[in-house]
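Peer 1: What follows is a protein structure lacking sequence information:
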């Protein structure tokens, strides 16, 4: 099976702009979670989507949003970018069903805000 | 809220030796899962091993094994016969027993492990 893919891999944006990141889960996986990784804050949970519905949300401002499509692909959007949004954004997918839900991660999108 | 603590920011060990990474966590939950993830310099996060809290038997995956002490809320990772490819950042992670809306990993701050040739 192909793994989790994320596009683009690298992105440079200017303060005030907005950005959209994409994630394609492992085939058959219905749950997609997003995490932000920074040197200062470590790995922080952003949100999780299952069957096009946001099931769980982390403690991030409303500038961070996401969505999931019927094919389980997910996008996250950050509006009005700030310097502090520079980070590695990781997407993870899991089956989302009963039992242990191991999350499998994509390679990440490195966002730099200047 | 759950917290995960990794008290060893950096460790190094000679190739072929055994190394143990420490992790403690705090939770009021009784049913949960614990994971170790590895993040090499390529930045791809890779699942190493998982442990279900209701299982008393410690999980093993080839050269990787855990020492799970539920009462002490401790979850250490042992890497035997360490290899150069084991050089990476290692994260301990906690997940409440999944039910609707609970699929969220809480990570520790990580331990940077270097295997010396």
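Peer 2: Alright, I've got the coordinates. Predicted model only: the values in this text are computed from it and were never measured. Residues are numbered from 1 along each chain as shown, chains lettered A, B, ... in the order given.

Peer 1: C-alpha only now, for contacts and for neighbours.
Peer 2: Will do.

Peer 1: Now for residue 50, how many residues are close by?
Peer 2: Since you didn't name a chain, this refers to chain A. Look at residue A:50: counted by other Cα atoms under 10 Å in any protein chain shown, it has 27 neighbours.

Peer 1: other chain: chain B
Peer 2: In terms of burial, residue B:50 registers 22 neighbours under the definition other Cα under 10 Å.

Peer 1: Next: the one 4 residues further on.
Peer 2: For residue B:54, the count of nearby residues is 11 (other Cα under 10 Å).

Peer 1: ok, it to chain A distance?
Peer 2: The span separating residue B:54 from chain A equals 12 Å under the rule Cα to the nearest Cα, to the nearest Å.

Peer 1: Quick check: that residue touching residue B:31?
Peer 2: Yes: counting by Cα atoms under 8 Å, residue B:54 sits close enough to residue B:31 to count as a contact (6.6 Å).

Peer 1: Let me see the ranges of the strands in the chain.
Peer 2: No chain specified, so I'll use chain A. Along chain A, counting by DSSP state E, strands occupy A:5-7, A:10-13, A:19-24, A:31-38, A:42-50, A:53-57, A:64-68, A:74-78, A:87-94, A:104-105, A:109-113.

Peer 1: meant chain B actually
Peer 2: Taking DSSP E as the criterion, chain B carries its strands at B:3-5, B:10-14, B:19-21, B:24-26, B:32-39, B:46-52, B:60-61, B:64-69, B:74-79, B:88-96, B:106-107, B:111-116.

Peer 1: Residue A:82: which of these is closest?
Peer 2: With Cα to Cα, the closest approach to residue A:82 among the strands of chain B belongs to strand B:106-107: 24.2 Å.

Peer 1: From the contact counts, what lies against that closest one?
Peer 2: Under the contact definition 3 or more Cα pairs under 8 Å, 6 or more residues apart in numbering or on different chains; DSSP states H and E, strand B:106-107 sits against strand A:42-50, strand B:3-5, strand B:88-96.
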